[in-house]
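# show me how the following folds:
(4 chains)
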There are 2 protein chains.
Amino acid sequence: MSKTNATSLNHRNLPLLMLKAREHVIARFRPLLAEHDLTEQQWRIIRVLLESGPLEPREIGELCGLSSPSLAGVLSRMDELGLVVRERFSTDQRRVRVSLSAQCRALAKRISPQIESTYEALEARLGKQFCESLYMILDELILKLKE
Amino acid sequence: MSKTNATSLNHRNLPLLMLKAREHVIARFRPLLAEHDLTEQQWRIIRVLLESGPLEPREIGELCGLSSPSLAGVLSRMDELGLVVRERFSTDQRRVRVSLSAQCRALAKRISPQIESTYEALEARLGKQFCESLYMILDELILKLKE
DNA sequence: ATGTATTCACTAATATATGAGTGAGTTTTC
DNA sequence: GAAAACTCACTCATATATTAGTGAATACAT
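Numbers count the residues shown, from 1 in each chain, chains lettered A, B, ... in the order given. You can find the predicted model right below:
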């Protein structure tokens, strides 16, 4: 007669748990990004463009977990700020190529070391072993739920 | 001369990885919630109120990972929809007690089994062992980053 | 008691998320 | 080669997130 809830929810709220976990992680980076007037989403895009070179919005959305409507606003603002350059393909007028401005690459160059040291502080606190398990289990989760 | 990026970011983007992982999970619940015209945040609040009984906004925010400004809007909408009832404490006019409406409890009763079976489908796909590891590592992450 | 600090829910402004939809541009089909 | 199907970036409306700040109410120290 103890666990007889009218509405028995036996499983913990997993999305909530993941949200909170992520919040604790991102909280370590937020002040750093704020110092440089970058939002989390902007930095995600900058990172991806740094690593992959110029991309199309659709690809950026896929890589950064940003929906098309979100992306439209973020990219438009980044354009205004001079962080990215957008140009239409001549071969296909629908498509757009997004690339980082020189100014933004310079900015990234300044920020990257600080990002790296934040990761190292994080790793020091969590333990290297733990971090590896974390990345592994997240990768596997995504793999298993894909399709 | 291979990994000599101008801006060397040696660590993978962990917040992004966690975001994507969470997105894959919540995607399994979203259609169900949408069927009942509930947002993810509303359901989070309903769950917490089901399990803990009436709470104050501050407590709900803590338990549901919702900031005070977000909460103001969500609760106000839930109030209009007749999902929750808000009443001021007579002993402390600043504080508010939020409780579920009877109608909402009935709704939760209908939804809960479907939520549960979604969890079971998820667990079947991921494996029980895997799920336990997942919960464990997320709990530990939060614990280690707390404070 | 009375001024001060604190707590609490809330507002304001801006950025992003979600779900639906649009039109221009390209590919496919017949 | 024209219509149909499709792709792409984008808009619109609404909900939520983030950061800063406000006023009313309570607690606390003098």
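# do a quick rundown of the helices in chain A.
A:14-35, A:40-52, A:57-64, A:68-80, A:102-126, A:128-145 (DSSP state H).
# is stretch A:28-38 up against DNA strand D anywhere?
Yes: applying C-beta under 7 Å from any atom of the strand, one finds stretch A:28-38 in contact with DNA strand D at A:30, A:34. For every residue, glycine as well, the C-beta is placed using N, CA and C.
# just the C-alphas of that stretch, formatted as PDB.
Extracted in PDB, the C-alpha atoms of stretch A:28-38 (Å, rounded to 0.1, in the frame of the first residue of the first chain):
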ATOM      1  CA  ARG A  28      31.100  26.400 -17.000                       C
ATOM      2  CA  PHE A  29      31.400  27.900 -20.500                       C
ATOM      3  CA  ARG A  30      28.700  30.500 -20.400                       C
ATOM      4  CA  PRO A  31      30.700  33.200 -18.600                       C
ATOM      5  CA  LEU A  32      33.500  32.800 -21.000                       C
ATOM      6  CA  LEU A  33      31.300  33.200 -24.100                       C
ATOM      7  CA  ALA A  34      29.400  36.100 -22.500                       C
ATOM      8  CA  GLU A  35      32.700  37.900 -22.000                       C
ATOM      9  CA  HIS A  36      33.100  37.900 -25.800                       C
ATOM     10  CA  ASP A  37      29.400  38.600 -26.400                       C
ATOM     11  CA  LEU A  38      28.800  35.300 -28.000                       C
END
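# quick revisit: right, and the helices of chain A - which one's nearest DNA strand C?
helix A:68-80 (2.9 Å; C-beta to the nearest atom of the strand).
# so of the helices of chain A, which one's packed in deepest?
Counting by mean count of other C-beta atoms under 10 Å in any protein chain shown, helix A:40-52 has the highest mean neighbour count of these, with a mean of 20.
# could you find the closest non-adjacent residue to the residue nearest to the spatial centre of chain A?
Relative to the mean C-alpha position of chain A, the nearest C-alpha, by C-alpha atoms, centre = their mean, is the one of residue A:44, at 4.2 Å. Excluding its sequence neighbours, the residue lying closest to residue A:44 (C-beta to C-beta, 6 or more residues apart in numbering or on different chains) is residue A:64, at 4.4 Å.
# would you agree residue A:89 is in contact with residue A:97?
Yes: using C-beta atoms under 8 Å, residue A:89 is in contact with residue A:97, at 6.4 Å.
# more neighbours: which of those two?
More crowded of residue A:89 and residue A:97, by other C-beta atoms under 10 Å in any protein chain shown: residue A:97, with 14 against 11.
# from residue A:22, how far out is that one?
Taking C-beta to C-beta, to the nearest Å as the measure, residue A:97 falls 31 Å from residue A:22.
# could you do residue A:110 as well?
In terms of C-beta to C-beta, residue A:110 sits 26 Å off from residue A:22.
# close to DNA strand C: what parts of chain A are there?
Chain A has residues A:39, A:41-42, A:66-70, A:73-74, A:77, A:91-94 near DNA strand C, with proximity defined as C-beta under 7 Å from any atom of the strand.
# check those residues one by one and keep those near DNA strand D.
Residues of the residues of chain A next to DNA strand C in contact with DNA strand D (C-beta under 7 Å from any atom of the strand): A:68, A:69, A:94.
# what sits up against stretch A:114-121?
Contacts to stretch A:114-121, defined as C-beta atoms under 8 Å, 6 or more residues apart in numbering or on different chains, come from residues A:28, A:29, A:32, B:8, B:9, B:10, B:11, B:14.
# sorry, wrong one. I was asking about stretch A:34-45.
A:26, A:29-30, A:33, A:46, A:60, A:64-66, A:70, A:74-75, A:77-78, A:83-84, A:107, A:110-111, B:13, B:15-16.
# give me that answer again for 10 Å
A:26, A:29-30, A:32-33, A:46, A:55, A:57, A:60-61, A:63-66, A:70-71, A:73-75, A:77-78, A:81, A:83-84, A:98, A:100, A:104, A:107-108, A:110-111, A:114-115, B:13, B:15-16, B:19 (C-beta atoms under 10 Å, 6 or more residues apart in numbering or on different chains).
# just for chain A, where's the confidence low?
A:1-6 (pLDDT under 70).
# now, among the ones next to DNA strand D among the residues of chain A next to DNA strand C, which is nearest to residue A:135?
Closest approach between these and residue A:135, by C-beta to C-beta: residue A:68, at 27.9 Å.
# distance of the closest residue to the closest one other than its chain neighbours from DNA strand D?
Among residues not flanking residue A:68 along the chain, residue A:61 sits closest, at 6.0 Å (C-beta to C-beta, 6+ apart). Note on residue A:61: its distance to DNA strand D, by C-beta to the nearest atom of the strand, to the nearest Å, is 7 Å.
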